[in-house]
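In: Build me a structure from this.
(2 chains)
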Amino acid sequence: MNPCRILRIFALVLVGGCLFDRGTAAAPRASCTLAGSGSSLGMETIGVVGCALVASRFTAEVAVRDSTAYTTTWGFRAAPGNMLAVWNVSGAEPILVDSVIVSGATTLGDVAVSDDGKLLIVATERVNGSLVIFDLTDPRHPRQLARLATQETYNGVHTAEVGRIGGRLYAILAIDALSSAPTPESKVVIVDLGDPANPQQIFVKAVPSSAPFVHDSFLRDGILFVALWNAGVEIWDVGGAGHGGTPSAPVVIGSVATVGGDVHNIWWLHDAVSGSRYAFVGEESGPAVLGFSSAGDIHVLDVSDLTNPREVAFYHVAGAGTHNFSVDESNGILYAAYYNAGVRALDVRGDLATCTSAQQVATGSITRCDLGAMGREVGQGLTGGTPAVYVWGVMLSAGALYASDMLNGLWKLQPVR
Amino acid sequence: MTRRVLRAVLFAPLALMIPGLRLPAQDSANAFDAGVRAIILLTHSTATPHGGALTMGYLTQPVAGAQWRHGLLHATGMVNLEGLTLREGELDLGAWGEGYVDRRHPHSYVHELMFGAESFQTSIGASLHAGRGFVPFGSDDPMVRPFVSYPVDHHLAQILERVVLVGAARTGPVIIEGATFNGDEPLDPSTPPVFRRFGDSWAVRGTLRGDRTPLLFGAELSASYANVKSPEYREGHGLDQRKAHAAARFTAEGERITRYALVEIARTTDVDRGRDLYTFDAFLTEGAVCRGGLGAAVRWERSDRPEEERLLDLSRSARPATDLSILGVTRWTTLSAAMSLPAMRAYDAHAAPYVEIAHITADRTSAAFFDPRQFYGTSRMWRLSTGIRLGAGHAHGRAGRYGVASESPMSTHGTHAHQAPCFS
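Out: Here you go, the predicted structure:
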């Protein structure tokens, strides 16, 4: 057959096909209903005070200040995870008082309140990721001040830590990896919030390929702990460790690869008894089928020498994995969200690195103390099984413990001490 | 050990080909063939993600292919223009892969471009091919099978559009193939593969040809295994996959009737640093009969699909996932039937109307986040498609096999490539 004829036929078909590429896309059905529910769970030590059911969306992180709580949403349920919910938590049952829809987001994975209570920051995922900054002059009705969306945040902002360095406010962003992005690597981005209406991106660093993701960070006293997944934990001087680091030019001063990797989140404990010796690391391991199963331990690092951190202990829950922490530093209690296993409370006061041989577990060349075997678990909550829970985050505030449950919404709990 | 075996499989054909290079050229066919294909498709689905029924029209599978042979040398190529006509993907509930969900993704513009040499002596044949194309794993590409709609198991039962070096050896009814390739799956139709990742993945396939032994009643048996590094994270640090596949395939071409059947099972396991995380299984059987230009086909499939976080466009998902979790595994059971009418012909071109209908069931396998009933409004759906297959020139043969592993090694069967006449 004449090649010209073939090409002509093909060109006609192609043009027709392009013109024919039309659809009748239907808009997503979206409705959000929020209602208070006092249903009680089977409980052990950590009692249920009240709860607020969120059925239309998967609930993600929780942040609380005084009598107001903020929860974010994740992924798609009956509606997209683009809602920030504002709760009055002064009573037993959280009451929804406002909500904010953040456009262009499928997940609002992280939320935090600045130490002075003036700002609320929200991380948005995935594509066209951003940091949204709200003014909390009226804490029950956040007002959007600014939204930072740059090429560096495009992949999605997984978490946003807010803290002060040298008296100035900064946000530390953990940026997702995204294959199709101009810069596909996962990154740490530091944002200057000195003028919160005009946030300035001042530092960007792609994580090493050995990681290959950054998932969270913890900022305190000018020292930043970075959760680098399989590369473990890095400790950066961003102005407080005396190694010359600044927020715009951090200096890595120490690192450690934790057993199993999959480092998700960190809390550096400042305890009146233990001092600043320990950092707690959440491992978000697999297999994990969201809403159903999870895996991953809490790892304890001795960071008394920040340049040479080492893993000394761990805590394991069979059939479940940990997620975010909140620590009652005055009482030495760590509360951990444990997805399908509810909430766990650990006594983290004192020496966690010394234990009997029966309480030790050797993994490769590392011998660690098992906090469970040491009797360090002091409380469990939301473990009754009905309804099933999948707890994302916890936060202790004003004598109450709040737990965000992806399946059910927001729980108000009674701390163990 | 596995690398050593793979190296042996890859380079054995070279040794076998050396005597063949001295053979006179008159034992080989010299030829150039070219052809174009496209399908006008109108498809209706009774459910869509968070939406109701949807009808869409496309030009799907617009391809232009050519192959060239000269003596022992062989080149084959195919340009696929779905990147122009299927930017949003083809509506196909259950389909997944390459960042598309419930829509079949468009393929790469350079779908296949392979060069190679083959030699076929009296008892042993060998070939070596390199370029971008199909990895010797699994079954034939759905594009050359009876149904227009791709099965759910496409990413469990085929590996394609990779920079690949394929060696094959054949003796009697036995064919052994080995390949090494880049693990990264295509990002989009136009972005080239990550060439530095060539060699980070490998596959082997063994085939027993039924037409060469009376024991199999004409059926072809094959088994394959692949180790694919980080297919979903281009940078190479995501989850790996171990893939296994076995199939029995039967074809019979009579004077008036052509028959075809395929039964396949496939398993893919996601692996994190050597640790198994998730396993996805597939079982598919399909058959077709063609008589006098009128064709009928039926397919039954039950395949697992990983559910991942979706983007604002609910037909897309981000790659890679932010951690090691998934939202669940959905089991898709699809019963499809197709009918193709006799083609209208003019010159060397043809146009054949067809219709397909499928009943689709999506079931949760655990109490995970992803609930098909909530997401689609129902767990039972229908898809109805109709359109016209257009073609001119030479048709592509069995997609996924090269050299002596293909159905028509040049020095024995010439350049004719088999394809069911009703569904091409």
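In: low-scoring pLDDT stretches of the chain, where are they?
Out: Chain wasn't specified; assuming chain A. Along chain A, the parts satisfying pLDDT under 70 run over A:1-44.
In: that's the other chain; I wanted chain B
Out: Across chain B, the ranges flagged by pLDDT under 70 are B:1-29, B:120-122, B:212-215, B:408-421.
In: for it, what spans make up the helices?
Out: In chain B, the segments counted as helices under DSSP state H are B:2-20, B:82-85, B:154-157, B:372-376, B:410-413.
In: Might you enumerate the residues of the stretch 51-200 of chain A proximal to chain B?
Out: For the stretch 51-200 of chain A, the contact set with chain B under CB under 8 Å from any CB of the partner chain comprises A:58, A:75-78, A:80, A:104, A:106-107, A:125-127, A:156, A:158, A:176-180, A:184-185. In this view, the C-beta of every residue, glycine as well, is placed from N, C-alpha and C.
In: Make a PyMOL selection of whichever of the residues you listed turn out to be buried.
Out: Of these, the buried ones go into a single PyMOL selection, burial set by 16 or more other CB atoms under 10 Å in any protein chain shown:
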select buried, chain A and resi 58+75+76+77+78+80+106+107+125+126+127+156+158+176+177+178+179+180+184+185
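In: Return the subset of the residues of the stretch 51-200 of chain A next to chain B lying in strands.
Out: Here DSSP state E is the test, and these give A:Phe58, A:Thr107, A:Glu125, A:His158 as lying in strands.
In: looking at the sheet around the third one, what are its partners?
Out: According to DSSP bridges, the partner residues bridging A:Glu125 are A:Thr107.
In: Looks like it contacts A:Ala105 (just checking).
Out: Yes: with contacts counted by CB atoms under 8 Å, A:Glu125 reaches A:Ala105, the gap being 6.7 Å.
In: residue in the stretch 151-300 of chain A nearest to chain B?
Out: Relative to chain B, the nearest point of the stretch 151-300 of chain A is A:Gly286 (3.1 Å; CB to the nearest CB).
In: any idea how far A:Val62 is from A:Leu407?
Out: To A:Val62, A:Leu407 is 14 Å away according to CB to CB, to the nearest Å.
In: typed the wrong thing, it's B:Val101
Out: 29 Å.
In: Equivalent analysis for B:Leu284, please.
Out: Distance, B:Leu284 to A:Val62, by CB to CB: 45 Å.
In: quick one, which of the two is more surrounded?
Out: A:Val62 (29 against 22; other CB atoms under 10 Å in any protein chain shown).
In: Next one: the residue nearest to the more buried one when sequence neighbours are not counted from chain B, what distance?
Out: Using CB to CB, 6 or more residues apart in numbering or on different chains and skipping residues adjacent in sequence, the residue nearest A:Val62 is A:Ser404, 3.9 Å away. According to CB to the nearest CB, to the nearest Å, A:Ser404 and chain B sit 15 Å apart.
In: give me the element A:Ser404 is part of.
Out: Using DSSP states H and E, A:Ser404 sits in strand A:400-405.
In: Neighbouring strands of that strand in the sheet, and parallel or not?
Out: For strand A:400-405, pairing defined by DSSP bridges yields strand A:391-397 (antiparallel), strand A:409-414 (antiparallel).
In: Reformat those into TSV and put distance to B:Arg291 next to each item.
Out: Formatted as TSV, the strands paired with strand A:400-405 follow (distance: least, CB to CB, whole Å):
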stretch	distance to B:Arg291
strand A:391-397	60
strand A:409-414	61
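In: can you list the ones you listed in CSV and add mean neighbour count?
Out: Compiled in CSV, the strands paired with strand A:400-405 are given as follows (neighbours: other CB atoms under 10 Å in any protein chain shown):
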stretch, mean neighbour count
strand A:391-397, 25
strand A:409-414, 24
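In: All set now, cheers.
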